[in-house]
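Chemist: attaching a predicted model along with its sequence, questions to come.
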Amino acid sequence: MVKETRILTWDDYSESYSKVIRGSYCVVVSIPRKIRHLFGNAPTRQKVAGKTEDDFNRRQRSLTHQIYQEFDERQRRQEENQKVFLQRIKDEWGDAHDKRQDDKRNTILQKMVAAFPHVVPEDSSYNFYKQIDDNIYPEFTGSSAIKPLTENIPFSDLERLKNGMDSMARMVKNASERFTVFEVSAAKDYLEPSVRSYFEDLLVDAAKQQKCEIPNFPEPTLSDFWFEEDAEWQDYQVRPRKHEELKMSAVMDEYFAWIEKYFEQKDTKNKLKLGCKEFISYMGDLHLSKLDAPMAVGFAEAQCDQHVNRSKATIKNRNWAMNTFCQEFCIPKRYMSFNPFYGVSLKRYGTKGGKWLEYTDADLDKIFGYSWGPQELLLLQLALATGMRLGEIALLTWERVKSTNKCSFISLLDEGDEIVTAKNQGSKRRIPLHPNLKLPPKGNGRIFDYAIDGYGKATTAAGRAVNPKLKELIAHDRKTFHSFRSSFIIKLTKVGTPPNINKMITGHGVGDVNTDVYGGVSVEDRFEWIRKIDLPWLQ
């Protein structure tokens, strides 16, 4: 049984070594036997480093990486070439399960048996020939015909029959002048992609029915088929064959498109995608049929190994992401038959997410006593004066800074084409600015220039700019940037701010999505409470 082809990676490549060739020191890497045919069967690949051993030592790493990249590129090109098929085959894939087409392909298999009887295993326990009924076909009295191939034929006989047909057809293709017209016609018909797929599907059905191990077949290449020389070539992605076991990566593009279609919140979309990406990263790109309940626990353990302080909440989120992937996407599409992530107990994994402590006034004296750069200072002052989360501040634009006759405020509501990435609906709110907060002259676009990552956030870049120094100034495990938010909430409470207004300002309530200045609490009303807070660090 042919094993599935595996692409080699840098972990499979040999270490480099030095060799003097024509008076120069060279970086040499042995080419793995599996891919030597891609380099004309050369045993090694080398690159000149220089005239001295010092040149070799200096350039060994970079030249080794260049050679590794060549190995990757040759494999990539080979993989692309294997996906090139004739456009005329495309129509045949679409009706591969049509009864008439299946009958046609079975007839081609019978034609191969008729042309080359010796491909039938001699010790076969199944007779591939049947006596023709004399009453129906009297003119063929005493003759025999080939029976149609079905999944009822012993699997081992079918498998040996296919191997025999494959070898015979390739032999005819390579030396067609030695065979009759009928034999060449039979081999050419047999070496069609749709016939190959039909025969492989037949073997899979036989294996399932007879409780045998499901066979794995290698991906087809152009050299496996016999096409007309003047045909037009065109890239074409073949349909998934019946025997093919889908891996997680094979459905990721489709799944991510499904997420974009059915989920609105960008943060939710990111969490769903990140859960699957982390699972593949830690557990491997597994066949969907191989996912089981123990792997849900294994995924949690792997997260704890990779992230010592990963919280229970994060592990729960990752399991929720995989649960959604299996339950809502894979099962309805019949990629999976059950959800191994549902109901799995993960309570023993992860650290307890204790609440972040606030920065005391003494802490704030230390923090704002440090000589920060203008951008980082404004970032910290906004955090203290508004209670906004780091991700909310880092993406702020000047267009979101607005004014009334009484105060200035920041709007985190969706406006026009600009959609705010918020933790939840309650986070979409208007936040009055403390009167002591002095903003730079108003401009256009983003207020901060922290880099935006692939998830549309600038949290990571902004955190790297301030968190190391914050940890150095205030060395406490439960105090971090989020502590500014805790300080703000506590100071609001101390000046007597009603709980509903406190929550509305900080985004713990219903926010401004379902209320307006008439039915809710106006920005001016909120400003009256914020202006009461004593924040000398904004001066």
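Modeler: Here it is on my side, so go on.

Chemist: the stretch 401-539 of the chain: strands as residue ranges?
Modeler: 401-403, 408-411, 430-432 (DSSP state E, counting those that start in this stretch).

Chemist: mean neighbour count, the ones you listed: which tops it?
Modeler: strand 430-432 (a mean of 24; mean count of other Cβ atoms under 10 Å). Every residue, glycine included, has its C-beta placed from N, CA and C.

Chemist: who does that strand pair up with?
Modeler: When pairing is defined by DSSP bridges, strand 430-432 lines up against strand 408-411 (antiparallel).

Chemist: averaged pLDDT, the partner strand. What do you get?
Modeler: Across strand 408-411, the average pLDDT comes to 91.

Chemist: just to revisit the earlier point, looking at the strands of the stretch 401-539 of the chain, which is nearest to K111?
Modeler: strand 408-411 (74.2 Å; Cβ to Cβ).

Chemist: which outside residues touch the closest one?
Modeler: 386, 388, 396, 400-403, 430-433, 439, 523, 527 (Cβ atoms under 8 Å, 6 or more residues apart in numbering).

Chemist: which single one of those residues is nearest to E15?
Modeler: Proximity of the contacts of strand 408-411 to E15 (Cβ to Cβ) peaks at L396, which lies at 49.7 Å.

Chemist: number of residues surrounding the closest one?
Modeler: Other residues within reach of L396 by the criterion other Cβ atoms under 10 Å amount to 18.

Chemist: show me the contacts for it.
Modeler: L382, I410, R446, I447, F448.

Chemist: what about 10 Å?
Modeler: By Cβ atoms under 10 Å, 6 or more residues apart in numbering, the residues touching L396 are L379, L382, M388, I410, L412, R446, I447, F448, A458.

Chemist: most neighbours among those, which one?
Modeler: L382 (26 neighbours).

Chemist: look up how far I410 lies from that residue.
Modeler: 8 Å (Cβ to Cβ, to the nearest Å).

Chemist: mind putting the contacts of strand 408-411 in JSON lines, distance to Y129 included?
Modeler: Output for those, formatted as JSON lines (distance: Cβ to Cβ, whole Å):
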{"residue": "T386", "distance to Y129": "86"}
{"residue": "M388", "distance to Y129": "82"}
{"residue": "L396", "distance to Y129": "81"}
{"residue": "R400", "distance to Y129": "81"}
{"residue": "V401", "distance to Y129": "87"}
{"residue": "K402", "distance to Y129": "87"}
{"residue": "S403", "distance to Y129": "93"}
{"residue": "R430", "distance to Y129": "85"}
{"residue": "I431", "distance to Y129": "85"}
{"residue": "P432", "distance to Y129": "91"}
{"residue": "L433", "distance to Y129": "91"}
{"residue": "L439", "distance to Y129": "91"}
{"residue": "V523", "distance to Y129": "90"}
{"residue": "F527", "distance to Y129": "94"}
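
Chemist: what comes up buried for stretch 472-481?
Modeler: Going by neighbour count (16 or more other Cβ atoms under 10 Å), the buried part of stretch 472-481 is I474, K479, T480, F481.

Chemist: give me the pLDDT for the third one.
Modeler: In this model, T480 is scored at 89, pLDDT.

Chemist: which non-adjacent residue is nearest it?
Modeler: Spatial nearest neighbour of T480, excluding adjacent residues (Cβ to Cβ, 6 or more residues apart in numbering): W356 at 6.2 Å.

Chemist: mind pulling up the pLDDT for the one you found?
Modeler: 76.

Chemist: and for I490?
Modeler: So I490 comes in at 91 (pLDDT).

Chemist: R464 too?
Modeler: R464 is given a pLDDT of 92.

Chemist: CSV for the strands of the stretch 401-539 of the chain, including distance to M171?
Modeler: As requested, these are exported to CSV (distance: least, Cβ to Cβ, whole Å):
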stretch, distance to M171
strand 401-403, 78
strand 408-411, 75
strand 430-432, 78
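
Chemist: distance of V204 from Y450?
Modeler: Applying Cβ to Cβ to V204 and Y450 gives a distance of 53 Å.

Chemist: report the distance from the longest helix anywhere in the chain to the chain centre.
Modeler: Determined from DSSP state H, the single longest helix within the chain is helix 53-81. Mean-position distance between helix 53-81 and its chain equals 26 Å (Cα atoms, centre = their mean, to the nearest Å).

Chemist: and stretch 451-469, by the same measure?
Modeler: 23 Å.

Chemist: send the alpha carbons of that stretch over as PDB?
Modeler: Taking Å, rounded to 0.1, in the frame of the first residue of the first chain, the C-alpha atoms of stretch 451-469 are listed here in PDB:
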ATOM      1  CA  ALA A 451       1.700  48.800  14.200                       C
ATOM      2  CA  ILE A 452      -1.500  47.000  13.400                       C
ATOM      3  CA  ASP A 453      -1.300  43.200  13.400                       C
ATOM      4  CA  GLY A 454      -3.000  40.700  11.200                       C
ATOM      5  CA  TYR A 455      -6.100  40.700  13.400                       C
ATOM      6  CA  GLY A 456      -6.600  44.500  12.900                       C
ATOM      7  CA  LYS A 457      -5.300  45.300  16.400                       C
ATOM      8  CA  ALA A 458      -2.400  47.500  17.700                       C
ATOM      9  CA  THR A 459      -2.500  46.100  21.300                       C
ATOM     10  CA  THR A 460       0.700  44.100  20.900                       C
ATOM     11  CA  ALA A 461       2.800  47.000  19.600                       C
ATOM     12  CA  ALA A 462       1.500  49.500  22.100                       C
ATOM     13  CA  GLY A 463       2.000  47.000  25.000                       C
ATOM     14  CA  ARG A 464       5.600  46.500  24.000                       C
ATOM     15  CA  ALA A 465       6.200  50.200  24.100                       C
ATOM     16  CA  VAL A 466       5.100  50.700  27.700                       C
ATOM     17  CA  ASN A 467       4.600  47.400  29.600                       C
ATOM     18  CA  PRO A 468       8.300  46.500  30.200                       C
ATOM     19  CA  LYS A 469       8.900  49.900  31.900                       C
END
